[in-house]
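1. Predicted model follows, preceded by the sequence.
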Amino acid sequence: MLCVHDTTLVLIDMQHRLAAVMADRESLVSELQRLIRGALVLGLPVVWTEQNPDKLGPTIAELKSLLMDNPPIPKMAFNCWLDERFRDAIERAGRRQVLIAGIETHVCVYQTARALHEVGYEVEVVADAVSSRSLQHKELALRKLTALGIHITCVEMALFEMLGTAQAVGFKEILALVK
């Protein structure tokens, strides 16, 4: 189970040029907005990346506006864990659970989730908040991650796991997000 006090949200590469060609783009962006808003309500640290931003552009405005309190980590490696700034941000958060969302599922999300899992983090990938250009590629990546022992979740499941009870701080705000 995800624990609100032990979880970091990682958002991978939701940039204009990539996001524009993702399968189910509208649903992806909507779910990511709910996930980010929920993470902020719950006080989760959020680490977000941009792959080669000079070529792929900035994070899409719908998400960037929610994340303005901390800057993105620019990177070139597909596996975020290979970037020292990313590793430092994850380690500074001091949490052992990592919730991963973003694009592309079969490239950067897959490689990052696998690497975090291999170094001992408890990783969950948010199935309705990840995508690839092809749904087949997304599904293949989710199957491979599951086979490695990495858990797959969805936005609503993750948020309610971290709440734990209807008496938790933030319950009403989370409830409003998922309705």
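-> Structure received. Residues are numbered from 1 along each chain as shown.

2. the longest helix in this structure is where?
-> The helix that spans the most residues within the chain, counting by DSSP state H, is helix 25-42.

3. Find the residue ranges of the protein scoring beneath the pLDDT cut-off.
-> In the predicted model, the chain carries no residue with pLDDT under 70.

4. So what's the gap between stretch 94-106 and the chain middle?
-> For stretch 94-106, the distance from its own C-alpha centre to the chain's C-alpha centre is 4 Å (CA atoms, centre = their mean, to the nearest Å).

5. got a list of what residue 165 touches?
-> For residue 165, the set of contacting residues under the criterion of CB atoms under 8 Å, 6 or more residues apart in numbering consists of residue 171. (Each C-beta comes from the backbone N, C-alpha and C, glycine too.)

6. Quick check: phi and psi at it.
-> Dihedral angles phi and psi of residue 165 (degrees, to the nearest 10) take the values phi -150, psi 150.

7. Same check on residue 97?
-> In this entry, residue 97 is assigned phi and psi values of phi -110, psi 140 (degrees, to the nearest 10).

8. just residue 158 next, same as before
-> Per-residue torsions, residue 158: phi -60, psi -50 (degrees, to the nearest 10).

9. quick one: it and residue 44, what's the gap?
-> Residue 158 sits 10 Å away from residue 44 when distances are taken as CB to CB, to the nearest Å.

10. same check, this time on residue 26
-> According to CB to CB, residue 26 and residue 44 sit 24 Å apart.

11. out of these two, which sits in the busier spot?
-> Neighbour comparison, residue 26 and residue 44: the larger count goes to residue 44, with 23 against 8 (by other CB atoms under 10 Å).

12. Just say helix, strand or coil for the more buried one.
-> Per DSSP: H, G, I helix; E, B strand; the rest coil, the local secondary structure of residue 44 is coil.

13. That one against residue 6, yeah?
-> No: distance between residue 44 and residue 6: 9.8 Å, which falls outside the contact criterion (CB atoms under 8 Å).
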